[in-house]
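Chemist: Next one to model:
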Amino acid sequence: MLGVAAGFGLGYALVRTAQAGADRRRPAPTLADRDPGRYAAARRALMIAGLARGVASQATVAFVLADPLERALAPVPRALRAPVFALAVLLLDDLRDVGTEYIEGHQFERVYGTSDQSAQSWLEDHLKGAAVAAVITALLALLGDALVRSAPRRWPWFAIAGTPPLLALATVIAPTFIMPLFNRYEPVTGDLEDRIRALAARYGVGDASILRFDMSKQTKKANAFVTGVLGTERIALADTLVSAFPADETLFVVAHELGHYVRRDPWTGIALGTVGVAAALLGADGLVRATTGRGIDGPAQGSRLLFWASLIQLAVMPAANAASRALERRADRFAVAATGDPTAGVRAFQRLGEQNLAEFEPPRWAEVLFSSHPSLASRIWALQTIV
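Modeler: Residues are numbered from 1 along each chain as shown. I've put the predicted structure just below:
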């Protein structure tokens with residue numbers, strides 16, 4: 001099985017690398033028929049393949065490469081061995097998968113006409129993302145290994161206790177330092193700002209940062225989101241949304257994001273994330289001990305812990321997505337109450353589907369397993385019942 005997993009991952013990467021080289025020599029043309037159903041089905045297939053590749057890759061590292069790599073790192077000081085191990089694995093993964101990410105993340109969107117980002121711009125974003133991932137990976141490996149060495153039996157409980165402040169710190173650091181590496185964020189101004197401020201002030205959050213960012217740099221799709229805690233909360237609107245949506249539709253979208261802010265959904269996400277981390281760490285630690293007869297005594301065992309933890313996270317993903325969909329529906333209801341204009345919401349969702357080439361009603365199994373948001377059809381129906 002391990003040979004099959006390793007062969008699958010490597011073979012897939014080689015095919016995608018060859019396709020990326022061919023695309024660079026002769027770029028694939030944009031499809032004339034931009035069918036949302038075809039786009040969604042292809043995206044689902046890529047996502048399922050990505051999950052399979054992820055499991056295969058982690059299995060290969062955990063059960064084939066981990067022990068030889070740990071032995072090779074024996075001369076490295078013990079305190080640095082885990083971060084060096086993690087960075088070596090990250091580098092190998094990134095080198096192997098760059099062709100896959102180019103085809104499935106860049107060429108695919110260009111072919112379907114949802115992006116006109118240049119290959120150079122995509123590569124710059126990819127390298128920035130790799131650098132950020134390397135820093136975060138090294139720090140987590142360093143902290144995690146130190147914790148395991150200081151508390152070999154009780155470390156999962158200490159890690160669980162430390163998860164909420166780490167997640168809160170991440171939601172502060174991300175909007176302040178990381179997101180601006182990829183896009184330019186500027187305050188929303190003019191009449192739209194006045195209307196948004198007036199709406200936010202009604203709920204006591206008139207001081208929230210309302211920002212516009214140049215999402216058009218990467219994609220033609222429209223989006224908006226809320227992020228941050230502890231005074232760094234930001235409601236961010238893509239320029240692709242602000243420029244394409246009428247003011248009343250944009251205000252409905254903002255009201256939806258304001259609903260997340262007012263209802264403290266970022267904190268709910270931290271709580272749910274902590275529960276997920278607890279299930280993954282406790283379950284994976286038990287599985288490592290049961291299958292190897294020992295605890296986490298080095299980077300190789302740590303890689304096996306991550307393998308089992310990833311399987312547990314896959315198993316609980318439908319429950320996490322169900323919770324996310326519930327929060328999105330609640331934010332929709334908040335937007336209706338805040339704006340008193342459900343028809344603007346209907347039009348906004350219809351426009352969002354058209355601009356994002358979204359499937360209005362995906363298969364039920366796909367929504368249950370993979371979707372963090374309710375289907376557009378169900379959200380539109382819910383608003384139409386209010387009209």
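Chemist: How far off centre is stretch 263-278?
Modeler: Here stretch 263-278 shows a centroid-to-chain-centroid distance of 15 Å under the convention CA atoms, centre = their mean, to the nearest Å.
Chemist: any idea of the mean pLDDT in it?
Modeler: Across stretch 263-278, pLDDT averages out at 92.
Chemist: next one: stretch 360-371
Modeler: 93.
Chemist: Buried ones in whichever strand or helix holds Asp191, by neighbour count?
Modeler: Secondary structure from DSSP states H and E places Asp191 in helix 190-201. Residues of helix 190-201 classed as buried by neighbour count (16 or more other CB atoms under 10 Å): 192, 195-197, 199-200. In short, each C-beta sits where N, CA and C put it, glycine included.
Chemist: can you list those residues in CSV and add pLDDT and distance to Val148?
Modeler: Listed next are the buried residues of helix 190-201 as CSV, based on pLDDT from 0 to 100; distance: CB to CB, whole Å:
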residue, pLDDT, distance to Val148
Leu192, 87, 50
Arg195, 89, 52
Ile196, 87, 47
Arg197, 86, 48
Leu199, 88, 48
Ala200, 85, 44
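Chemist: Mind putting those into TSV with distance to Glu104?
Modeler: Shown next, in TSV, are the buried residues of helix 190-201 (distance: CB to CB, whole Å):
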residue	distance to Glu104
Leu192	35
Arg195	39
Ile196	36
Arg197	40
Leu199	38
Ala200	38
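Chemist: Return the list of helices and strands in contact with the helix holding Asp191.
Modeler: When contacts are defined as 3 or more CB pairs under 8 Å, 6 or more residues apart in numbering; DSSP states H and E, helix 190-201 sits against strand 209-213, helix 247-262.
Chemist: relative to strand 209-213, how tilted is the longest one?
Modeler: In this case it means helix 247-262. Compare the direction of helix 247-262 with that of strand 209-213 by axes from the mean of the first three to the mean of the last three CA atoms, to 10 degrees and you get 130 degrees.
Chemist: what's the most buried one of the helices and strands packed on helix 190-201?
Modeler: Most buried of the helices and strands packed on helix 190-201, by mean neighbour count (mean count of other CB atoms under 10 Å): helix 247-262, with a mean of 23.
Chemist: Which one of the helices and strands packed on helix 190-201 lies nearest to Ala366?
Modeler: Closest of the helices and strands packed on helix 190-201 to Ala366 is helix 247-262, at 22.7 Å (criterion: CB to CB).
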